[in-house]
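In: Structure of the sequence below:
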Amino acid sequence: MNDSSQVIRCPWAEGDPLMQDYHDNEWGIAVWDAHALFERLILEGMQAGLSWRLVLERRPAMRRAFFGFDAGRLALASEDDQRRWLNDASLIRNRAKIASVVTNARAYLALDDPVAYFWSFVDGTPILGEWRKASEVPSQTGESRAMSKALKARGFKFVGPTICYALMQSAGLVNDHLLDCQFRQ
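Out: Numbering: from 1, shown residues only. Modelled structure (predicted):
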């Protein structure tokens, strides 16, 4: 029997305060701010092949190193900046991912209205998942495949359909909180 005071959240966030905080305060909440959306894009690319917990642990260091995720400053980052980031043990030190931060900043800035562009893949309205179990949640969808294809055509890197779906979930374009999760809005 469940204690009625127990918080019910998506199972992936249980038992870890860092994951719980992210789940409860960020994941699935619609992001309409261009700066915050860019940060999510970079973080999702950094996560490829790694645990989300590791990305969250390293996010403060990434914020510091990557100029607070300021796309304008990152677009101007030098080779020296990238070398410094590769040697910083507090960051995710993958050459292709580090290069993608700069590449994606430039591509992001080339969009007339990045927020409208990203939200266009869901017609400006969050898609509500109807999932009872975590095993039902897809890793990609037609929308994430379309986003991936379009972003790649614009020069973005680390934007495969699974990463795009994770971005859509993170930024609230898709609300995949399980039906019984108290944080489903």
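In: This protein: helices as residue ranges?
Out: Counting by DSSP state H, the chain has helices at residues 17-25, 34-47, 52-65, 71-75, 79-86, 95-109, 114-119, 142-153, 161-170.
In: Let's have these in JSON lines, adding mean neighbour count, distance to R9 and mean pLDDT.
Out: Glycine gets a C-beta too; all of them are placed from N, C-alpha and C. Below are the helices of the chain laid out as JSON lines (neighbours: other C-beta atoms under 10 Å; distance: least, C-beta to C-beta, whole Å; pLDDT from 0 to 100):
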{"stretch": "helix 17-25", "mean neighbour count": "15", "distance to R9": "6", "mean pLDDT": "97"}
{"stretch": "helix 34-47", "mean neighbour count": "22", "distance to R9": "20", "mean pLDDT": "98"}
{"stretch": "helix 52-65", "mean neighbour count": "16", "distance to R9": "15", "mean pLDDT": "98"}
{"stretch": "helix 71-75", "mean neighbour count": "18", "distance to R9": "31", "mean pLDDT": "99"}
{"stretch": "helix 79-86", "mean neighbour count": "14", "distance to R9": "33", "mean pLDDT": "98"}
{"stretch": "helix 95-109", "mean neighbour count": "20", "distance to R9": "29", "mean pLDDT": "99"}
{"stretch": "helix 114-119", "mean neighbour count": "18", "distance to R9": "25", "mean pLDDT": "99"}
{"stretch": "helix 142-153", "mean neighbour count": "17", "distance to R9": "23", "mean pLDDT": "99"}
{"stretch": "helix 161-170", "mean neighbour count": "23", "distance to R9": "14", "mean pLDDT": "98"}
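In: between those helices, which gets nearest to Q185?
Out: helix 17-25 (11.7 Å; C-beta to C-beta).
In: What helices and strands are in contact with that closest one?
Out: Helices and strands touching helix 17-25, by 3 or more C-beta pairs under 8 Å, 6 or more residues apart in numbering; DSSP states H and E, are helix 52-65.
In: and the helix it packs on, what does it pack onto?
Out: helix 17-25, helix 34-47.
In: can you redo these as JSON lines with distance to K97?
Out: Formatted as JSON lines, the helices and strands packed on helix 52-65 follow (distance: least, C-beta to C-beta, whole Å):
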{"stretch": "helix 17-25", "distance to K97": "20"}
{"stretch": "helix 34-47", "distance to K97": "6"}
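In: Between these, which one is closest to T103.
Out: The closest of the helices and strands packed on helix 52-65 to T103 is helix 34-47. By C-beta to C-beta, the value is 9.9 Å.
In: How far does that closest one sit from its chain's centre?
Out: 5 Å (C-alpha atoms, centre = their mean, to the nearest Å).
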